[in-house]
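Trainee: fold the following and give me the result.
(chains A and B)
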Amino acid sequence: MMWHGTSLGAAVLALTGVQSVAIGQTALDRSRPPALGTPSKVSLPPIVTRELPNGLKLMIVEHHEIPIADFVLIVGSGGTVDPAQKVGVANLTSTMLTEGTTTRSSLEIADQIAYLGISLGAGSNWDASTISLHTPTAQMDSALALLADVTLRPSFPQTEFERIRKDRLTNLLQLKDRPTAIANQAYSAILYGSNHPYGRSLIGTEASIVALSTADLQGFYRAHFHPNNATLIVVGDVKPDQVEAKVRTLFGGWQRGTLPSINLAEAPKAGRTTVYLVDKPGAAQSSFRIGSIGVPRSTTDYFALSVMNTILGGSFTSRLMQNLRETHGYTYGARSSFDMRRAAGPFTASAEVVAAKTDSGLIEFMKELNAIRDTVPTLELSKAKRYMQLGLPSDFETTQQIANALVPVALYNLPLDYYNNYVQNVEAVTQADVQRVARRYIDPASLAIVVVGDRKSIEQGLKAVNAGPIMVRDFFGQPVSQ
Amino acid sequence: MKRSILLATWYLIAAGIPSLAGAQEVPKIKFEKYTLPNGLEVILHEDHSTPIVTVNTWYKVGSGDEKPGRTGFAHLFEHIMFMGSQNVPVGMFDKELEAAGADNNGSTTEDRTNYYENLPSNALGLALWLDADRMGFLLPTMDKTKLDLQREVVKNERRQGVDNVPYGRADEVILAALYPKAHPYSWPVIGSLADLDAASVEDVSSFFRTYYAPNNATLTIAGDFDSAEAKRLVQRYFGDIPRGPALPARPNVAPIVLAKDTFMVMEDRVQLPRSYYTWPTVRLFDKDDAALDVLASVLASGKNSRLFKRLVYDMQVAQSVSASQQSSKLAGRFEINIVPKPGQNLGSIDKVVREELQKLMTQTITDRELKRVQNSYRSSFLNRVAGVLGKSETLNTYNYMAGTPDYVQEDAARYEGVSRADVQRVTRTYLGRPKIVLTVVPEGKREMMVIANGGVR
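Mentor: Numbering: from 1, shown residues only, chains lettered A, B, ... in the order given. Just a heads-up that it's a prediction; the model follows:
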């Protein structure tokens, strides 16, 4: 068992205020944790929504403690829509937004950002392209004008693109130095295959980056950067009416457009558990990525899965961390996560394990992935729920934290009262729910086990664990001749 | 470094901010400081904007206090502080905190070790109970099992952060070359695998007795709490922990002067080489420290910075360039790192670096260059005193490094006061002196090593 019920019981009782020792009124008894008062009722700030005639949605939260504001412009298209031959186009498009507009050069944009003392950057993930701005309110008008310029008038200059192209190709070369990056790349390729976008590379491949042109980037921009595909999140020392007026002036002329429909390929069916060994000669540690295709963000099992994952590998006291690190010392950290996207993203258990304990590490991973399918003890369940519930306010302290918390609300159409109902939704998760989702989504007989490490010293040990057949793969997850 | 790395995200402030007009003023952080009879310093900062509170304890001991042969010990000890104490069984430290909705961690530098809990405000008493127990009652349940386990964890932390990472061992090679053998900064915080193996239970006990006493610690509480109540709780949990013996004096070090340029090479499993230029400079808050920070930004922060624009943007011979003034309590160093594009030669790049440094020594920077850096610093000070964790760390940093928690405005003013002439002067003074140049090269490619006068071997 992971811990002793009696001690944890004390913690839980303390939280519920059942213990009656009043601090300061009796002699100090250090042997038990102090009774804690009732946690503050959390009220998260109201979200004001507005919509411009062109379809651009606004989500505004007033936060007046500091003269500062955070903006996140989300365009609801990302790497998922990259054509198979043009992987990386979404990512390069967002990178190029700050490399020149019809009125500003790349160097002028960089000069403005530093001179204003603001942060402005663009990026993309599978589901979205985002442009983020962090600005003191004293500089907000200039900063917002710059945000609008890079969003609405990017010019994709050829010379800047050639420079960025070289930068990306060099990044891809340098990726070979990092076992953790190799493990991530091989894992997604093995899980999804090359017919599904999630099996490809968000940042592109050497071949795709060589082949892409500024016309491809402009094509992506024209197809997806529409106001009716976008939400602007605003959090800070602002008034909704004022900020809406500014946004109307700057973004009102942005033309509505028709969005291409997206047809995602079916994800491949999982096979029986297999160990995929990627050779990284001399590696001091073996990088483990173990799992299967998980769930989309729209899953009705979201809260049950979040609680289950917190217990399995989502916090410091989770089973994977306690077992592989705090009991055995095999690693500096072990964890698990469900990456939920529009379509089903991966479930991954991971750790960097000392090479000499690669086989032992795998044995412990498999133990925990089996054990989570058994009934989770009540006290362990309540600890995980409290960790999630009581920790919520600390995610809403700063303007940037609040803006980041709103991104999934905008991107996945979560209800505006999502965070206000978060505590009760976590509370509703039962032991049976946890077991049901563990059994449904974690199948030890059907896992991809990717291990990047020093093949000649770890292969025999991995074979002896007998978790599944061993296949040797390259850095991209592709078969190699043995 | 549970327990790891320095706190990276410093955010915005909350309470007591004057309104802005045009340029922002850096707000004061209001605080109260007092000392218990046992020597424990206490700093309180109330901020009721969010119902959370940070408890952040600094012990004035770091890897600089270690002895050669026991490097990495201060950090290994930090790990042991999470393994329970007399009234907190193994594993319960973290379980109690997580069940209360808290996050906690610790970190070690050359100069100090910190431990923090970030919790809902109703759980303040829990953090103080736990922290007092490990300050006062760590040794009764200390044993070799705990030590051996965390020794393995720390060795894996080193593998994950140093040995299995490209260029990961560069820093320790540079430190060993820059500082004389007994200098407290001549070894890395994480230590060596051999020294970690040598650490004994007796080392743990004597380290604890020497350094982990209330008279060597500062307890900072920031966030949503009532000061009168917090003082009562601090007195209750920490008041009867006995004062420790007088502390050994921190090492006193002479400024580093290198006799001549030193060129070194190290092979690593990397695709591309990387050059590291290091000059000995000045300690944190020295009169030239801020000007050296500004110089670093002028060289390598943003597309318009001197080295980035020339090497990465215009010539496109480098993949990345960075520059930094890294200043600690006893000493500082200025570092420039460059990764070339594939097929490019670090020797030719070296010629450009020397040209650019020469320009900065003979001409002042432009007013625009200075303003860009100063404006960015001004905003960063607003960010630095943001969340309560960041504010607790800021108060502790100033308290220990500047002698008073009340220093944020003085710190910010240092950057406002830097002139174009100052940047020229510090470039001449410090970057004109002998330096260390390390080239990390792909295995078997020693010919890529940078040597004197802009060549390669």
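Trainee: now stretch A:226-234: mean pLDDT?
Mentor: What stretch A:226-234 shows for mean pLDDT is 98.
Trainee: that one near chain B at all?
Mentor: No: residues of stretch A:226-234 contacting chain B under C-beta under 8 Å from any C-beta of the partner chain: none, with a closest distance of 15.7 Å. (Each C-beta comes from the backbone N, C-alpha and C, glycine too.)
Trainee: can you name the residues in contact with that stretch?
Mentor: A:52, A:54-61, A:69-77, A:243, A:247, A:251, A:254-259, A:403, A:406-407, A:410-411 (C-beta atoms under 8 Å, 6 or more residues apart in numbering or on different chains).
Trainee: same thing with stretch A:431-449?
Mentor: So stretch A:431-449 is in contact with A:187, A:190-191, A:270-276, A:288-292, A:294-295, A:301, A:304-305, A:307-308, A:311-312, A:338, A:347, A:362, A:365-366, A:369-370, A:372-376, A:378, A:381, A:467-468, going by C-beta under 8 Å, 6+ apart.
Trainee: filter the residues you listed to the buried ones?
Mentor: Buried by 16 or more other C-beta atoms under 10 Å in any protein chain shown: A:187, A:190-191, A:270, A:273-276, A:288-292, A:294-295, A:301, A:304-305, A:307-308, A:311-312, A:338, A:347, A:362, A:365-366, A:369, A:372-373, A:376, A:381, A:467-468, out of the contacts of stretch A:431-449.
Trainee: three-state assignment of the closest residue to chain A within chain B?
Mentor: In chain B, the residue that lies nearest chain A is residue B:101 (2.3 Å; C-beta to the nearest C-beta). Secondary structure, DSSP: H, G, I helix; E, B strand; the rest coil: residue B:101 is coil.
Trainee: and the end-to-end length of stretch A:98-108?
Mentor: One end of stretch A:98-108 sits 10 Å from the other (C-alpha to C-alpha, to the nearest Å).
Trainee: among the contacts of stretch A:431-449, which are in reach of chain B?
Mentor: Checking the contacts of stretch A:431-449 against chain B (C-beta under 8 Å from any C-beta), there are no matches.
Trainee: quick one: which of those sit in strands?
Mentor: Assigned to strands by DSSP state E, the following of the contacts of stretch A:431-449 qualify: A:274-276, A:288-292, A:338, A:347.
Trainee: adding pLDDT, write those out as TSV.
Mentor: Below are the ones in strands among the contacts of stretch A:431-449 laid out as TSV (pLDDT from 0 to 100):
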residue	pLDDT
A:274	98
A:275	98
A:276	98
A:288	98
A:289	98
A:290	98
A:291	98
A:292	98
A:338	98
A:347	98
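Trainee: from those, which two are the most distant?
Mentor: A:275 and A:338 (22.0 Å; C-beta to C-beta).
Trainee: residue ranges of the strands in the chain, please?
Mentor: I'll assume chain A. Counting by DSSP E, the strands of chain A are A:48-51, A:57-62, A:68-75, A:119-124, A:129-136, A:230-236, A:274-279, A:285-293, A:331-338, A:346-354, A:448-453, A:470-473.
Trainee: you looked at the wrong chain, it should be chain B
Mentor: B:32-35, B:41-46, B:52-59, B:103-108, B:113-120, B:217-223, B:262-268, B:274-280, B:318-327, B:332-340, B:436-442, B:450-451, B:455-456.
Trainee: same for the last one, what does it pack against?
Mentor: With contacts taken as 3 or more C-beta pairs under 8 Å, 6 or more residues apart in numbering or on different chains; DSSP states H and E, strand B:455-456 sits against helix B:346-362.
Trainee: residues near the closest residue to residue B:344 other than its chain neighbours, how many?
Mentor: Sequence neighbours aside, residue B:317 is the residue nearest to residue B:344 in space, at 4.4 Å (criterion: C-beta to C-beta, 6 or more residues apart in numbering or on different chains). By other C-beta atoms under 10 Å in any protein chain shown, the residues close to residue B:317 number 18.
Trainee: residue B:317 contacts residue B:351, correct?
Mentor: No: here residue B:317 does not reach residue B:351: they are 10.8 Å apart, not a contact under C-beta atoms under 8 Å.
Trainee: on that earlier part again, just checking, the residue of chain B closest to chain A touches residue A:387?
Mentor: Yes: counting by C-beta under 8 Å, residue A:387 is a contact partner of residue B:101 at 6.0 Å.
Trainee: ok, how many other residues are close to residue A:252?
Mentor: Neighbours of residue A:252 (other C-beta under 10 Å): 12.
Trainee: leaving out chain neighbours, which residue sits closest to it?
Mentor: Closest to residue A:252 by C-beta to C-beta, 6+ apart is residue A:52, at 6.3 Å.
Trainee: identify the residue nearest the residue in the stretch 151-300 of chain A that chain B sits nearest to in space, chain neighbours excluded?
Mentor: Using C-beta to the nearest C-beta, the closest approach of the stretch 151-300 of chain A to chain B is made by residue A:177 at 3.7 Å. Spatial nearest neighbour of residue A:177, chain neighbours left out: residue B:166 (3.7 Å); criterion: C-beta to C-beta, 6+ apart.
Trainee: quick check, that neighbour in contact with residue A:179.
Mentor: No: if you go by C-beta under 8 Å, residue B:166 and residue A:179 don't touch, sitting 9.6 Å apart.
Trainee: what comes into contact with stretch A:464-482?
Mentor: Contacts of stretch A:464-482 (C-beta under 8 Å, 6+ apart): A:176, A:182, A:185-190, A:272-279, A:359, A:362-363, A:366, A:447, A:449-450, A:455, A:459, A:462-463.
Trainee: just how off-centre is it within its chain?
Mentor: Relative to its chain's centre, stretch A:464-482 lies at 27 Å (C-alpha atoms, centre = their mean, to the nearest Å).
Trainee: what mean pLDDT does it get?
Mentor: In this model, stretch A:464-482 carries a mean pLDDT of 94.
Trainee: can you show me the CA trace of it as CSV?
Mentor: Taking Å, rounded to 0.1, in the frame of the first residue of the first chain, the C-alpha atoms of stretch A:464-482 are listed here in CSV:
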residue,chain,number,x,y,z
ALA,A,464,13.6,-10.5,-19.4
VAL,A,465,10.7,-8.3,-18.0
ASN,A,466,8.6,-9.9,-20.7
ALA,A,467,6.1,-7.0,-20.9
GLY,A,468,5.7,-7.6,-24.7
PRO,A,469,7.7,-8.3,-27.8
ILE,A,470,10.6,-5.9,-28.4
MET,A,471,10.8,-3.9,-31.7
VAL,A,472,13.7,-1.6,-32.5
ARG,A,473,12.7,1.8,-33.9
ASP,A,474,14.6,4.9,-35.0
PHE,A,475,14.3,8.4,-33.6
PHE,A,476,11.1,8.9,-35.6
GLY,A,477,9.5,5.7,-34.4
GLN,A,478,10.0,4.0,-37.7
PRO,A,479,11.2,0.3,-38.0
VAL,A,480,15.0,-0.2,-38.5
SER,A,481,16.7,-3.3,-39.7
GLN,A,482,18.1,-5.1,-36.7
